[in-house]
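**Q** Got a sequence here, can you model it:
(one chain, ligands or ions: 2)
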Amino acid sequence: MDMSWKMEDNLPVNVREYQELAKKALPKMAYDYINGGAEDEHTLRENIAAYTRIILRPRVLVDVSKIDMSTTLLGYTMRSPIIVAPTGGHKLAHPEGEKATARAAASCNAIMVLSFSSSCKIEDVASSCNAIRFYQLYVYKNRNVSATLVRRAESCGFKALLLTVDTPMLGRREADIRNKMVFPRSGNLEGLMTTDDHDTTNGSQLERFARATLDPSLSWKDIEWLKSITSMPIFLKGIVTAEDVEAGVAGVIVSNHGARQLDYAPATIAALEEVVRAVAGAVPVLVDGGIRRGTDVFKALALGARAVMVGRPVFFGLAARGEAGARHVIEMLNGELEVAMALCGCRSVGEITRSHVMTEGDRIRSLL
Ligand SMILES: Cc1cc2nc3c(=O)[nH]c(=O)nc-3n(C[C@H](O)[C@H](O)[C@H](O)COP(=O)(O)O)c2cc1C
Ligand SMILES: CCCCCCCCCCC(=O)C(=O)O
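**A** Ligands and ions are numbered 1, 2, ... in the order given. Reported below is the predicted structural model:
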(Lines give C-alpha, C1' and ligand atoms only; values in the text may rest on other atoms or scores of the structure.)
(Ligands and ions follow the chains in the order given, each with its own letter.)
Protein backbone atom coordinates (compact mmCIF):
# COMPACT_ATOMS: atom_id res chain seq x y z
CA MET A 1 0.00 0.00 0.00
CA ASP A 2 1.27 3.50 -0.83
CA MET A 3 1.66 5.22 2.52
CA SER A 4 3.35 8.37 1.23
CA TRP A 5 0.19 10.49 1.72
CA LYS A 6 0.14 9.42 5.37
CA MET A 7 3.75 10.46 5.80
CA GLU A 8 2.93 13.88 4.31
CA ASP A 9 -0.01 14.15 6.74
CA ASN A 10 2.31 13.71 9.68
CA LEU A 11 5.13 16.03 8.80
CA PRO A 12 7.48 16.89 11.66
CA VAL A 13 6.79 20.29 13.16
CA ASN A 14 10.24 21.04 14.52
CA VAL A 15 13.91 20.11 14.21
CA ARG A 16 13.76 17.72 17.17
CA GLU A 17 11.10 15.65 15.40
CA TYR A 18 13.27 15.51 12.27
CA GLN A 19 16.11 14.26 14.44
CA GLU A 20 13.86 11.45 15.74
CA LEU A 21 12.86 10.50 12.18
CA ALA A 22 16.51 10.57 11.07
CA LYS A 23 17.48 8.29 13.92
CA LYS A 24 14.86 5.77 12.80
CA ALA A 25 15.84 6.05 9.14
CA LEU A 26 19.62 5.77 9.44
CA PRO A 27 21.97 2.90 10.25
CA LYS A 28 23.51 3.42 13.70
CA MET A 29 26.96 4.19 12.31
CA ALA A 30 25.64 7.03 10.15
CA TYR A 31 23.36 8.50 12.83
CA ASP A 32 26.11 8.42 15.45
CA TYR A 33 28.55 10.10 13.05
CA ILE A 34 26.11 12.93 12.33
CA ASN A 35 24.76 13.38 15.83
CA GLY A 36 27.89 12.78 17.86
CA GLY A 37 30.44 15.11 19.40
CA ALA A 38 33.91 14.80 20.86
CA GLU A 39 34.79 12.83 24.02
CA ASP A 40 32.38 13.58 26.94
CA GLU A 41 30.15 15.61 24.60
CA HIS A 42 30.06 18.40 27.19
CA THR A 43 30.34 21.09 24.51
CA LEU A 44 27.77 19.27 22.40
CA ARG A 45 25.20 19.63 25.17
CA GLU A 46 26.32 23.18 25.99
CA ASN A 47 25.96 24.38 22.38
CA ILE A 48 22.22 23.81 22.76
CA ALA A 49 21.83 24.47 26.51
CA ALA A 50 23.52 27.88 26.33
CA TYR A 51 20.75 29.09 24.00
CA THR A 52 18.12 28.06 26.56
CA ARG A 53 19.75 30.34 29.15
CA ILE A 54 19.21 33.44 27.00
CA ILE A 55 15.87 35.12 27.58
CA LEU A 56 14.08 37.27 25.02
CA ARG A 57 12.93 40.81 25.83
CA PRO A 58 9.94 41.40 23.54
CA ARG A 59 8.76 44.87 22.52
CA VAL A 60 5.03 45.23 21.88
CA LEU A 61 2.64 47.50 20.00
CA VAL A 62 4.85 47.63 16.96
CA ASP A 63 3.17 47.24 13.56
CA VAL A 64 4.56 43.87 12.48
CA SER A 65 2.19 43.27 9.57
CA LYS A 66 5.26 43.09 7.31
CA ILE A 67 8.35 41.17 8.40
CA ASP A 68 11.47 41.34 6.25
CA MET A 69 13.98 38.65 7.21
CA SER A 70 16.36 39.37 4.35
CA THR A 71 19.97 40.26 4.86
CA THR A 72 23.16 40.55 2.84
CA LEU A 73 26.52 38.87 2.98
CA LEU A 74 29.40 39.88 0.69
CA GLY A 75 26.82 41.86 -1.23
CA TYR A 76 24.58 38.85 -1.88
CA THR A 77 20.99 39.12 -0.71
CA MET A 78 19.62 36.19 1.27
CA ARG A 79 15.97 35.64 2.06
CA SER A 80 16.90 35.08 5.70
CA PRO A 81 20.08 35.02 7.78
CA ILE A 82 20.19 31.19 7.72
CA ILE A 83 23.02 29.46 5.84
CA VAL A 84 23.53 25.72 5.37
CA ALA A 85 26.76 24.80 7.20
CA PRO A 86 29.34 22.59 5.51
CA THR A 87 28.85 19.00 6.61
CA GLY A 88 30.62 16.08 4.99
CA GLY A 89 29.27 12.85 3.57
CA HIS A 90 25.63 13.59 2.69
CA LYS A 91 25.36 10.24 0.93
CA LEU A 92 25.33 8.73 4.41
CA ALA A 93 21.87 10.28 4.67
CA HIS A 94 20.55 10.07 1.11
CA PRO A 95 21.74 8.61 -2.22
CA GLU A 96 21.47 12.04 -3.89
CA GLY A 97 23.81 13.46 -1.23
CA GLU A 98 24.81 17.12 -1.48
CA LYS A 99 22.96 17.54 -4.80
CA ALA A 100 19.68 17.12 -2.91
CA THR A 101 20.82 19.49 -0.14
CA ALA A 102 21.94 22.06 -2.72
CA ARG A 103 18.53 21.98 -4.42
CA ALA A 104 16.79 22.32 -1.05
CA ALA A 105 18.92 25.34 -0.09
CA ALA A 106 18.49 26.93 -3.51
CA SER A 107 14.71 26.59 -3.36
CA CYS A 108 14.77 28.53 -0.06
CA ASN A 109 17.20 31.11 -1.46
CA ALA A 110 19.64 30.08 1.27
CA ILE A 111 23.39 29.96 0.75
CA MET A 112 24.84 26.47 1.09
CA VAL A 113 28.46 25.89 2.03
CA LEU A 114 29.74 22.76 0.33
CA SER A 115 32.02 20.67 2.53
CA PHE A 116 35.52 19.72 1.42
CA SER A 117 34.52 16.19 2.45
CA SER A 118 31.32 16.16 0.39
CA SER A 119 30.27 12.82 -1.01
CA CYS A 120 29.20 14.41 -4.33
CA LYS A 121 31.71 15.95 -6.69
CA ILE A 122 32.09 19.74 -6.65
CA GLU A 123 31.14 19.89 -10.34
CA ASP A 124 28.01 17.75 -9.83
CA VAL A 125 26.78 19.96 -6.98
CA ALA A 126 27.51 23.10 -9.02
CA SER A 127 25.49 21.82 -12.00
CA SER A 128 22.60 20.52 -9.86
CA CYS A 129 20.95 23.95 -9.67
CA ASN A 130 21.65 27.68 -9.87
CA ALA A 131 22.49 29.31 -6.55
CA ILE A 132 25.03 31.33 -4.61
CA ARG A 133 27.28 28.78 -2.91
CA PHE A 134 30.42 28.91 -0.77
CA TYR A 135 33.13 26.24 -0.48
CA GLN A 136 34.73 24.96 2.73
CA LEU A 137 38.39 23.99 2.79
CA TYR A 138 40.71 21.74 4.75
CA VAL A 139 44.41 21.91 3.99
CA TYR A 140 46.11 18.63 3.22
CA LYS A 141 49.80 17.95 3.82
CA ASN A 142 49.88 17.74 0.04
CA ARG A 143 49.03 21.40 -0.59
CA ASN A 144 48.63 20.80 -4.33
CA VAL A 145 45.55 18.66 -3.71
CA SER A 146 43.86 21.39 -1.64
CA ALA A 147 44.89 24.04 -4.18
CA THR A 148 43.40 21.96 -7.01
CA LEU A 149 40.09 21.62 -5.16
CA VAL A 150 40.00 25.37 -4.45
CA ARG A 151 40.57 26.14 -8.13
CA ARG A 152 37.86 23.68 -9.15
CA ALA A 153 35.39 25.31 -6.74
CA GLU A 154 36.28 28.77 -8.03
CA SER A 155 35.86 27.77 -11.64
CA CYS A 156 32.49 26.18 -10.76
CA GLY A 157 31.31 29.60 -9.56
CA PHE A 158 31.58 29.23 -5.78
CA LYS A 159 31.71 32.73 -4.31
CA ALA A 160 33.68 32.44 -1.07
CA LEU A 161 36.03 30.11 0.74
CA LEU A 162 35.60 29.05 4.38
CA LEU A 163 38.90 27.84 5.77
CA THR A 164 38.21 25.55 8.71
CA VAL A 165 40.84 26.35 11.33
CA ASP A 166 39.74 24.14 14.23
CA THR A 167 40.82 20.83 12.72
CA PRO A 168 44.62 20.40 12.65
CA MET A 169 43.64 16.85 13.52
CA LEU A 170 40.26 15.24 14.00
CA GLY A 171 38.67 15.39 17.48
CA ARG A 172 38.10 12.10 19.28
CA ARG A 173 34.55 11.06 18.46
CA GLU A 174 34.15 8.01 20.58
CA ALA A 175 31.01 6.71 18.86
CA ASP A 176 32.89 6.68 15.54
CA ILE A 177 35.81 4.86 17.14
CA ARG A 178 33.45 2.27 18.64
CA ASN A 179 31.45 1.89 15.41
CA LYS A 180 34.63 1.61 13.27
CA MET A 181 33.18 4.46 11.24
CA VAL A 182 33.63 4.20 7.47
CA PHE A 183 33.19 7.44 5.52
CA PRO A 184 31.69 7.54 2.00
CA ARG A 185 34.31 8.53 -0.56
CA SER A 186 33.62 11.19 -3.18
CA GLY A 187 34.98 11.41 -6.65
CA ASN A 188 36.65 14.70 -5.68
CA LEU A 189 39.95 13.03 -4.91
CA GLU A 190 40.04 10.81 -8.02
CA GLY A 191 43.44 11.05 -9.62
CA LEU A 192 44.63 13.37 -6.85
CA MET A 193 45.13 11.22 -3.78
CA THR A 194 44.59 7.61 -2.76
CA THR A 195 41.93 7.07 -0.13
CA ASP A 196 42.63 3.34 0.29
CA ASP A 197 42.49 2.13 3.86
CA HIS A 198 43.56 -1.40 4.60
CA ASP A 199 43.11 -1.32 8.37
CA THR A 200 39.44 -2.14 8.80
CA THR A 201 39.80 -3.76 12.20
CA ASN A 202 40.26 -0.80 14.49
CA GLY A 203 38.78 2.59 15.27
CA SER A 204 37.40 5.31 13.03
CA GLN A 205 38.56 5.11 9.46
CA LEU A 206 37.76 8.82 9.07
CA GLU A 207 40.09 9.67 11.95
CA ARG A 208 42.88 7.58 10.40
CA PHE A 209 42.39 9.25 7.02
CA ALA A 210 42.35 12.72 8.57
CA ARG A 211 45.51 12.02 10.57
CA ALA A 212 47.30 10.75 7.49
CA THR A 213 46.27 13.64 5.24
CA LEU A 214 45.41 16.88 7.10
CA ASP A 215 48.28 19.33 7.65
CA PRO A 216 48.67 20.01 11.39
CA SER A 217 51.32 22.66 10.67
CA LEU A 218 48.69 25.01 9.18
CA SER A 219 49.22 28.48 10.71
CA TRP A 220 48.57 32.18 10.18
CA LYS A 221 51.28 32.47 7.50
CA ASP A 222 49.30 30.04 5.33
CA ILE A 223 46.48 32.54 4.92
CA GLU A 224 48.82 34.42 2.57
CA TRP A 225 49.41 31.19 0.63
CA LEU A 226 45.66 30.71 0.35
CA LYS A 227 45.18 34.26 -0.87
CA SER A 228 47.83 33.62 -3.52
CA ILE A 229 45.88 30.70 -5.02
CA THR A 230 42.36 32.17 -5.07
CA SER A 231 40.53 35.40 -5.58
CA MET A 232 37.55 34.17 -3.54
CA PRO A 233 37.05 36.08 -0.27
CA ILE A 234 38.20 34.00 2.71
CA PHE A 235 36.30 33.40 5.96
CA LEU A 236 37.92 31.72 8.96
CA LYS A 237 35.65 29.05 10.42
CA GLY A 238 36.36 27.94 13.97
CA ILE A 239 37.24 31.08 15.95
CA VAL A 240 36.00 31.19 19.57
CA THR A 241 38.31 33.74 21.25
CA ALA A 242 39.09 37.44 20.80
CA GLU A 243 42.80 36.53 20.72
CA ASP A 244 42.29 34.76 17.39
CA VAL A 245 40.71 37.73 15.65
CA GLU A 246 43.17 39.01 13.04
CA ALA A 247 42.71 41.47 10.21
CA GLY A 248 42.93 40.44 6.57
CA VAL A 249 40.01 38.08 6.06
CA ALA A 250 36.53 38.69 4.68
CA GLY A 251 34.70 37.27 7.68
CA VAL A 252 34.86 35.23 10.85
CA ILE A 253 32.73 32.25 11.82
CA VAL A 254 32.35 31.58 15.52
CA SER A 255 32.25 27.81 15.51
CA ASN A 256 33.44 24.84 17.54
CA HIS A 257 32.70 22.48 14.66
CA GLY A 258 29.41 21.39 16.16
CA ALA A 259 31.34 20.27 19.28
CA ARG A 260 33.09 17.56 17.29
CA GLN A 261 36.62 18.82 17.86
CA LEU A 262 37.73 20.17 21.26
CA ASP A 263 35.43 19.07 24.06
CA TYR A 264 35.09 21.75 26.78
CA ALA A 265 35.52 24.48 24.18
CA PRO A 266 32.93 27.18 24.91
CA ALA A 267 29.41 26.97 23.56
CA THR A 268 29.52 29.15 20.47
CA ILE A 269 26.67 31.46 21.51
CA ALA A 270 28.63 32.13 24.73
CA ALA A 271 31.75 33.04 22.71
CA LEU A 272 29.95 35.16 20.12
CA GLU A 273 29.93 38.56 21.87
CA GLU A 274 33.63 38.39 22.72
CA VAL A 275 34.48 37.81 19.06
CA VAL A 276 32.00 40.42 17.81
CA ARG A 277 33.61 43.02 20.10
CA ALA A 278 37.11 42.13 18.90
CA VAL A 279 36.06 42.29 15.23
CA ALA A 280 34.48 45.70 15.95
CA GLY A 281 32.41 45.77 12.76
CA ALA A 282 35.40 45.33 10.43
CA VAL A 283 33.93 42.21 8.78
CA PRO A 284 30.78 40.12 9.21
CA VAL A 285 30.70 37.60 12.05
CA LEU A 286 28.71 34.39 11.61
CA VAL A 287 27.99 31.75 14.22
CA ASP A 288 27.05 28.07 14.15
CA GLY A 289 26.50 25.28 16.66
CA GLY A 290 23.35 24.27 18.49
CA ILE A 291 20.86 26.31 16.50
CA ARG A 292 17.60 24.35 16.57
CA ARG A 293 14.95 27.10 16.71
CA GLY A 294 14.13 30.39 15.04
CA THR A 295 14.47 31.96 18.49
CA ASP A 296 18.10 30.71 18.53
CA VAL A 297 18.70 32.54 15.24
CA PHE A 298 17.12 35.65 16.75
CA LYS A 299 19.36 35.42 19.85
CA ALA A 300 22.49 35.05 17.71
CA LEU A 301 21.56 38.12 15.67
CA ALA A 302 20.84 40.09 18.84
CA LEU A 303 24.33 39.22 20.09
CA GLY A 304 25.93 40.53 16.92
CA ALA A 305 25.97 37.77 14.30
CA ARG A 306 25.27 38.81 10.71
CA ALA A 307 23.95 35.33 9.94
CA VAL A 308 23.96 31.79 11.34
CA MET A 309 24.84 28.42 9.88
CA VAL A 310 22.96 25.22 10.65
CA GLY A 311 24.55 21.80 10.28
CA ARG A 312 22.83 18.77 11.82
CA PRO A 313 19.22 20.01 11.40
CA VAL A 314 19.55 20.05 7.60
CA PHE A 315 21.37 16.70 7.64
CA PHE A 316 18.51 15.22 9.72
CA GLY A 317 15.96 16.61 7.25
CA LEU A 318 17.88 15.03 4.38
CA ALA A 319 18.03 11.69 6.16
CA ALA A 320 14.33 11.72 7.02
CA ARG A 321 12.78 12.92 3.76
CA GLY A 322 15.55 13.68 1.24
CA GLU A 323 15.52 17.03 -0.55
CA ALA A 324 11.97 17.78 0.72
CA GLY A 325 13.08 17.19 4.31
CA ALA A 326 16.14 19.42 4.04
CA ARG A 327 13.98 22.14 2.47
CA HIS A 328 11.31 21.76 5.16
CA VAL A 329 13.90 22.15 7.94
CA ILE A 330 15.14 25.43 6.44
CA GLU A 331 11.56 26.63 5.90
CA MET A 332 10.56 25.72 9.46
CA LEU A 333 13.51 27.67 10.90
CA ASN A 334 12.60 30.61 8.65
CA GLY A 335 8.99 30.41 9.83
CA GLU A 336 10.03 30.27 13.48
CA LEU A 337 12.36 33.24 13.00
CA GLU A 338 9.55 35.24 11.41
CA VAL A 339 7.29 34.58 14.42
CA ALA A 340 10.10 35.39 16.87
CA MET A 341 10.74 38.69 15.09
CA ALA A 342 7.05 39.61 15.06
CA LEU A 343 6.59 38.74 18.73
CA CYS A 344 9.70 40.74 19.67
CA GLY A 345 8.49 43.73 17.66
CA CYS A 346 11.24 43.57 15.01
CA ARG A 347 10.20 44.19 11.40
CA SER A 348 13.63 43.66 9.89
CA VAL A 349 16.85 41.97 10.99
CA GLY A 350 18.32 45.44 11.39
CA GLU A 351 15.82 46.10 14.18
CA ILE A 352 17.07 43.15 16.24
CA THR A 353 19.30 44.65 18.91
CA ARG A 354 21.26 43.65 21.99
CA SER A 355 18.41 44.93 24.16
CA HIS A 356 16.12 42.19 22.83
CA VAL A 357 18.00 39.54 24.83
CA MET A 358 19.03 39.02 28.43
CA THR A 359 21.99 36.71 29.05
CA GLU A 360 22.94 35.12 32.37
CA GLY A 361 25.60 37.83 32.76
CA ASP A 362 22.99 40.56 32.31
CA ARG A 363 20.74 38.86 34.84
CA ILE A 364 23.48 38.65 37.46
CA ARG A 365 24.43 42.30 36.91
CA SER A 366 20.79 43.37 37.28
CA LEU A 367 20.60 41.58 40.65
CA LEU A 368 23.35 43.72 42.15
C1 LIG B 1 28.04 15.33 10.28
C2 LIG B 1 28.85 16.59 10.29
C3 LIG B 1 29.85 16.78 9.37
C4 LIG B 1 30.60 17.95 9.37
N5 LIG B 1 31.53 18.14 8.41
C6 LIG B 1 32.21 19.31 8.36
C7 LIG B 1 33.13 19.55 7.33
O8 LIG B 1 33.34 18.74 6.45
N9 LIG B 1 33.79 20.73 7.36
C10 LIG B 1 33.60 21.68 8.34
O11 LIG B 1 34.22 22.72 8.32
N12 LIG B 1 32.69 21.47 9.32
C13 LIG B 1 32.00 20.31 9.34
N14 LIG B 1 31.06 20.11 10.31
C15 LIG B 1 30.77 21.22 11.26
C16 LIG B 1 29.66 22.13 10.69
O17 LIG B 1 30.13 22.90 9.64
C18 LIG B 1 29.11 23.09 11.73
O19 LIG B 1 30.18 23.79 12.31
C20 LIG B 1 28.30 22.39 12.83
O21 LIG B 1 27.56 21.32 12.29
C22 LIG B 1 27.35 23.36 13.50
O23 LIG B 1 26.69 22.76 14.55
P24 LIG B 1 25.20 22.15 14.44
O25 LIG B 1 25.35 20.83 13.77
O26 LIG B 1 24.80 22.03 15.86
O27 LIG B 1 24.36 23.11 13.64
C28 LIG B 1 30.34 18.95 10.34
C29 LIG B 1 29.32 18.75 11.27
C30 LIG B 1 28.58 17.59 11.26
C31 LIG B 1 27.47 17.41 12.26
C1 LIG C 1 37.05 13.02 1.55
C2 LIG C 1 37.48 13.01 2.97
C3 LIG C 1 38.18 14.28 3.40
C4 LIG C 1 38.65 14.12 4.81
C5 LIG C 1 38.99 15.39 5.50
C6 LIG C 1 39.13 15.25 6.95
C7 LIG C 1 37.95 14.75 7.68
C8 LIG C 1 36.84 15.72 7.86
C9 LIG C 1 35.57 15.05 8.20
C10 LIG C 1 34.36 15.91 8.13
C11 LIG C 1 34.20 16.74 9.35
O12 LIG C 1 34.68 17.84 9.43
C13 LIG C 1 33.46 16.22 10.48
O14 LIG C 1 33.23 16.98 11.43
O15 LIG C 1 33.07 15.05 10.49
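**Q** quick one: the closest residue to G294 other than its chain neighbours and ligand 2, what's the gap?
**A** Nearest residue to G294 in three dimensions, chain neighbours excluded: E336, at 2.6 Å (CB to CB, 6 or more residues apart in numbering). To be clear about C-beta, it is placed using only N, CA and C from the backbone, and glycine gets the same treatment. E336 sits 26 Å away from ligand 2, going by CB to the nearest ligand atom, to the nearest Å.
**Q** just L61 next, same as before
**A** Distance, L61 to ligand 2, using CB to the nearest ligand atom: 45 Å.
**Q** can you pull the contacts of that residue?
**A** G345 (CB atoms under 8 Å, 6 or more residues apart in numbering).
**Q** Check for me that it belongs to a helix.
**A** No. Counting by DSSP: H, G, I helix; E, B strand; the rest coil, L61 is not part of a helix but coil.
**Q** E331 and A110 touch, don't they?
**A** No. With contact defined as CB atoms under 8 Å, E331 does not reach A110; the gap is 9.6 Å.
**Q** what about the two, which has more around it?
**A** A110 (25 against 17; other CB atoms under 10 Å).
**Q** Can I take it that that one is in a strand?
**A** No. The assignment for A110, made by three-state DSSP, is coil rather than a strand.
**Q** hmm, back to that, are we agreed that the residue nearest to G294 is in a helix?
**A** Yes. Secondary structure assignment (three-state DSSP) places E336 inside a helix.
**Q** Contacts only, for the residue lying closest to R306 once chain neighbours are set aside.
**A** Closest residue to R306 apart from its sequence neighbours, by CB to CB, 6+ apart: P284 at 3.9 Å. Shown in contact with P284 (CB under 8 Å, 6+ apart): L73, L74, A250, G251, V252, R306, A307.
**Q** when you check those residues against the strands, which ones overlap?
**A** Among the contacts of P284, the members falling in strands (DSSP state E) are L73, G251, V252, A307.
**Q** pLDDT wise, what is the last one at?
**A** pLDDT, the model's per-residue confidence, is 98 for A307.
**Q** List the contacts of the nearest residue to it once chain neighbours are set aside.
**A** Excluding the flanking residues, the one nearest A307 by CB to CB, 6+ apart is P81, at 3.9 Å. When contacts are counted by CB under 8 Å, 6+ apart, P81 touches M69, T71, V297, L301, A305, R306, A307, V308, L337, V349.
**Q** Could you measure from the fifth one over to V254?
**A** A305 sits at a distance of 7 Å from V254 (criterion: CB to CB, to the nearest Å).
**Q** now V113, which residues is it bridged with?
**A** Legend: beta-bridge partners of V113 under DSSP bridges are F134.
**Q** just checking, it touches L162?
**A** Yes. With contact defined as CB under 8 Å, V113 counts as touching L162 (5.8 Å).
**Q** out of the two, which sits in the busier spot?
**A** Remark: of V113 and L162, L162 carries more neighbours, 29 against 26, as counted by other CB under 10 Å.
**Q** ok, now which ones touch that one?
**A** Going by CB under 8 Å, 6+ apart, the list of residues near L162 reads P86, V113, F134, Y135, Q136, L137, I234, F235, L236, K237, I253.
**Q** would JSON lines of those residues with pLDDT and distance to Q19 be doable?
**A** Formatted as JSON lines, these follow (pLDDT from 0 to 100; distance: CB to CB, whole Å):
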{"residue": "P86", "pLDDT": "98", "distance to Q19": "19"}
{"residue": "V113", "pLDDT": "98", "distance to Q19": "21"}
{"residue": "F134", "pLDDT": "98", "distance to Q19": "25"}
{"residue": "Y135", "pLDDT": "98", "distance to Q19": "27"}
{"residue": "Q136", "pLDDT": "98", "distance to Q19": "23"}
{"residue": "L137", "pLDDT": "98", "distance to Q19": "28"}
{"residue": "I234", "pLDDT": "98", "distance to Q19": "32"}
{"residue": "F235", "pLDDT": "98", "distance to Q19": "27"}
{"residue": "L236", "pLDDT": "98", "distance to Q19": "29"}
{"residue": "K237", "pLDDT": "98", "distance to Q19": "23"}
{"residue": "I253", "pLDDT": "98", "distance to Q19": "23"}
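**Q** Can I get those residues in CSV including distance to P27?
**A** Shown next, in CSV, are those (distance: CB to CB, whole Å):
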residue, distance to P27
P86, 23
V113, 26
F134, 30
Y135, 28
Q136, 25
L137, 29
I234, 36
F235, 33
L236, 34
K237, 28
I253, 30
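**Q** List, out of those residues, those positioned next to ligand 1.
**A** The subset of the contacts of L162 within reach of ligand 1, counting by CB under 6 Å from any ligand atom, consists of P86, Q136, K237.
**Q** Out of these, give me the one that has the most neighbours.
**A** Counting by other CB under 10 Å, top hit in those: K237 with 26 neighbours.
**Q** The protein against ligand 1: which residues are in contact?
**A** Checking the chain against ligand 1 by CB under 6 Å from any ligand atom, the hits are 33-34, 47, 85-88, 115-117, 136, 164, 237, 255, 257-258, 260, 288-291, 310-312, 315.
**Q** run the last query once more with 5 Å
**A** Taking CB under 5 Å from any ligand atom as the contact definition, the chain meets ligand 1 at 34, 85-88, 115, 117, 136, 164, 255, 257-258, 288-290, 310-312.
**Q** what are the phi and psi values for the residue positioned nearest the centre of the chain?
**A** The chain has A85 as the residue nearest its centroid, 2.4 Å off, counting by CA atoms, centre = their mean. Note on A85: its backbone torsions stand at phi -70, psi 150 [degrees, to the nearest 10].
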